[in-house]
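Asks: from the sequence below, what's the structure:
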Amino acid sequence: MILSCHVFSPLASHQLKNFKSTPYQSSLSSFPLFFSLTITNTPLFLSFSLPFLKFSFMALSKISTFNSPHQTLKYDFYSKQYAPVKNGCVSFEPQRKLRVVCSVAPNQVQAPVAPAAPTEAASKKECFGVFCTTYDLKEDEKTKSWKKLIKIAVSGAAGMISNHLLFKLASGEVFGPNQPIALRLLGSERSFEALEGVAMELEDSLYPLLREVSIGIDPYDVFQDCEWALLIGAKPRGPGMERADLLDINGQIFAEQGKALNAVASRNVKVMVVGNPCNTNALICMKNAPNIPPKNFHALTRLDENRAKCQLALKAGVFYDKVSNMTIWGNHSTTQVPDFLNAKIDGIPAKEVIKDTKWLETEFTEIVQKRGGALIKKWGRSSAASTAVSIVDAIRSLVTPTPAGDWFSSGVYTNGNPYGIVEDIVFSMPCRSKGDGDYELATNVIIDDFLRARIKKTEAELLAEKRCVAHLTGEGNAYCDLPEDTMLPGEQ
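Replies: Here you go, the predicted model:
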């Protein structure tokens, strides 16, 4: 490192004739250090370096001037004062003002960047750590080709699914390498310390696209102006709990969150409901947010689609990227319908590639329907990581144009659908997107008698669930007549 210093004395004007420098070196252990230099009013140049633990400089001496005697000063590095040498002794004369201006050579060391002034977000109690004070996004946007900041709210943010998802969001994997984001994390009083731990890990990960992180337990605070709401948090089904009880308990959570979104979120917020039973929870949330377009609500069935693609690829002996047009119809439960009729393998109808019709109609469907429960038996925990990946896939399908001829599955509102499915429920269907966050239902979809019968079964289940939560959707008194206790994948 090179430090350049210019030393000025208030003496009368003189010209610098010549000087001779001699080296001096000292270890840091020999502090305090003194060095001698001769000063005139003419600016002198002094440079010294700091190589590891050694300090060296060139002491300037024998400086002669015209018509003026020179003066020798000593500098005390502790007191940070210069003093003239008189008869071999140092005396400090504060009336003589001496100014020293130093600079670091730019090709050697980068100057530190001064921290940005705290923004309005810094005054909010819920913002976390470095994200309260470090960044000035508006200033950065002047020099970087970044898009406008988007605000993403995540409920259940201290849970296992979020522990995988949040870092994918922050990395740019979901919304792209030029999309800065702000994360609004919703937890509960019981999970608040864990939520702080999640925020600390995000802080330590140094994601440049992650511009803000705030944490809280009040959805009316956390959902403020959010443009995406990923509703993951829900109560798991405990031992002996009836499914009707689960619908009521979680329905109350999503009714409250729907009201909060309606009150404070962006009018075009996109809502992805993950907490089970996700189809009916999405319906409850939507009904409690009348100012947000119903089309903006989604129930996550992408994990089921991914599981179905994997099983078809295994059976056909191909890699799973060869499988397209895979639809999950209906509810995220064991009544869901993995559609092999419209699926394609390397552009060819799946039924023409896999000739085993019995396997397609029985084993394939059952594997997909019960995959979550089977995973718990093997591993002892639910499928958090693959669920997080499927959330990423679901969002990317909405913000990326769908490839020509393909589609993806999502649980969406059925009003106006072309498939003959009853209206006013949230039902997984084939969708396409232009990449603007919106979607349209796919066309040219074949529904035969076998597929229609299975669709009707899952439709009946969703209608029964809807009646069970009528008190939460503003449709009168609720009554539960669930046809059977269809265990949700991974719900145990």
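
Asks: drop to CA atoms for contacts and neighbour counts, all remaining ones
Replies: OK.

Asks: flag the helix or strand of the protein with the lowest per-element mean pLDDT.
Replies: The weakest-scoring helix or strand in the chain, judged by mean pLDDT, DSSP states H and E, is strand 99-104 (a mean of 31).

Asks: on the three-state scheme, N268 is what?
Replies: Assigned by DSSP: H, G, I helix; E, B strand; the rest coil, the conformation of N268 is coil.

Asks: all the helices of the stretch 251-400 of the chain, residue numbers only.
Replies: Remark: helices assigned in the stretch 251-400 of the chain by DSSP state H, counting those that start in this stretch are 278-287, 302-316, 350-353, 357-358, 365-369, 371-379, 384-399.

Asks: for the ones you listed, which one sits closest to L169?
Replies: The closest of these to L169 is helix 384-399. By Cα to Cα, the value is 8.0 Å.

Asks: which secondary structure elements does that closest one sit against?
Replies: With contacts taken as 3 or more Cα pairs under 8 Å, 6 or more residues apart in numbering; DSSP states H and E, helix 384-399 sits against helix 160-171, helix 302-316.

Asks: buried set for stretch 211-220?
Replies: Neighbour counts over stretch 211-220 (16 or more other Cα atoms under 10 Å) mark 211-217, 219-220 as buried.

Asks: one step back: just name the most buried of the helices of the stretch 251-400 of the chain.
Replies: helix 278-287 (a mean of 29; mean count of other Cα atoms under 10 Å).

Asks: what residues does that one touch?
Replies: By Cα atoms under 8 Å, 6 or more residues apart in numbering, the residues outside helix 278-287 that reach it are 247, 250-251, 254-259, 272-273, 275, 292, 294, 297-300, 331-332, 411, 413, 425-427, 462, 465-466, 469, 472-474.

Asks: take those and, keeping just the buried ones, write it as a PyMOL select command.
Replies: Buried residues among those (16+ other Cα under 10 Å), as a PyMOL selection:
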select buried, resi 247+250+251+254+255+256+257+258+259+272+273+275+292+294+297+298+299+300+331+332+411+413+425+426+427+462+465+466+469+472+473
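
Asks: just the ones of the contacts of helix 278-287 in strands?
Replies: Residues of the contacts of helix 278-287 located in strands (DSSP state E): 272-273, 297-299, 411, 413, 426-427.

Asks: tell me which two in those residues are the farthest apart.
Replies: M272 and F427 (13.4 Å).

Asks: which of the helices of the stretch 251-400 of the chain sits closest to L231?
Replies: For L231, the closest of these is helix 278-287, at 9.2 Å, according to Cα to Cα.

Asks: and that closest one, how far out from the chain middle?
Replies: Computed by Cα atoms, centre = their mean, to the nearest Å, the chain-centroid distance of helix 278-287 equals 24 Å.

Asks: likewise stretch 197-212?
Replies: So, by Cα atoms, centre = their mean, the centroid of stretch 197-212 is 8 Å from its chain's centroid.

Asks: residues contacting that stretch, please?
Replies: Among residues not part of stretch 197-212, those counted as contacts by Cα under 8 Å, 6+ apart are 127-132, 135, 137, 157-158, 163, 167, 170-172, 177-183, 213, 215.

Asks: which among those residues end up buried?
Replies: 127-132, 135, 137, 157-158, 163, 167, 170-172, 179-183, 213, 215.

Asks: those in helices, which ones?
Replies: 137, 163, 167, 170-171 (DSSP state H).

Asks: pick the one among those residues closest to E189.
Replies: E189 lies nearest to N163 out of those, by Cα to Cα, at 18.1 Å.

Asks: pretty sure the closest one contacts S155?
Replies: No: applying Cα atoms under 8 Å, one finds N163 not in contact with S155, separated by 11.7 Å.

Asks: low-confidence stretches in the chain?
Replies: Counting by pLDDT under 70, the ranges of the chain that qualify are 1-126, 130, 133-144, 485-492.

Asks: mind running it again at 90?
Replies: 1-147, 235-246, 369-383, 476, 478-492 (pLDDT under 90).

Asks: distance of A265 relative to T327?
Replies: From A265 across to T327, the span is 31 Å (Cα to Cα, to the nearest Å).

Asks: how about S191?
Replies: Where T327 is concerned, S191 sits at a distance of 36 Å (Cα to Cα).

Asks: as JSON lines, the helices of the stretch 251-400 of the chain with distance to K456 would be great.
Replies: Putting the helices of the stretch 251-400 of the chain into JSON lines (distance: least, Cα to Cα, whole Å) gives the following:
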{"stretch": "helix 278-287", "distance to K456": "16"}
{"stretch": "helix 302-316", "distance to K456": "19"}
{"stretch": "helix 350-353", "distance to K456": "22"}
{"stretch": "helix 357-358", "distance to K456": "21"}
{"stretch": "helix 365-369", "distance to K456": "16"}
{"stretch": "helix 371-379", "distance to K456": "22"}
{"stretch": "helix 384-399", "distance to K456": "25"}
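
Asks: coming back round to it: what about the buried ones among the contacts of stretch 197-212, which are in strands?
Replies: 181-183, 213, 215.

Asks: of the residues you listed, closest to L149?
Replies: Distance to L149 across those (Cα to Cα) is lowest for I181, with 5.3 Å.

Asks: dump the helices and strands packed on helix 384-399 to CSV, plus distance to K370.
Replies: CSV is the format used below for these (distance: least, Cα to Cα, whole Å):
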stretch, distance to K370
helix 160-171, 19
helix 302-316, 10
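
Asks: out of those, which gets nearest to V399?
Replies: In terms of Cα to Cα, the element of the helices and strands packed on helix 384-399 nearest to V399 is helix 160-171, at 13.3 Å.

Asks: what's that closest one packed up against?
Replies: helix 384-399.

Asks: got a list of contacts for the helix it packs on?
Replies: Contacts for helix 384-399 (Cα under 8 Å, 6+ apart): 160-162, 164-165, 168-169, 174-175, 300, 302-303, 306, 408, 410, 432-439.
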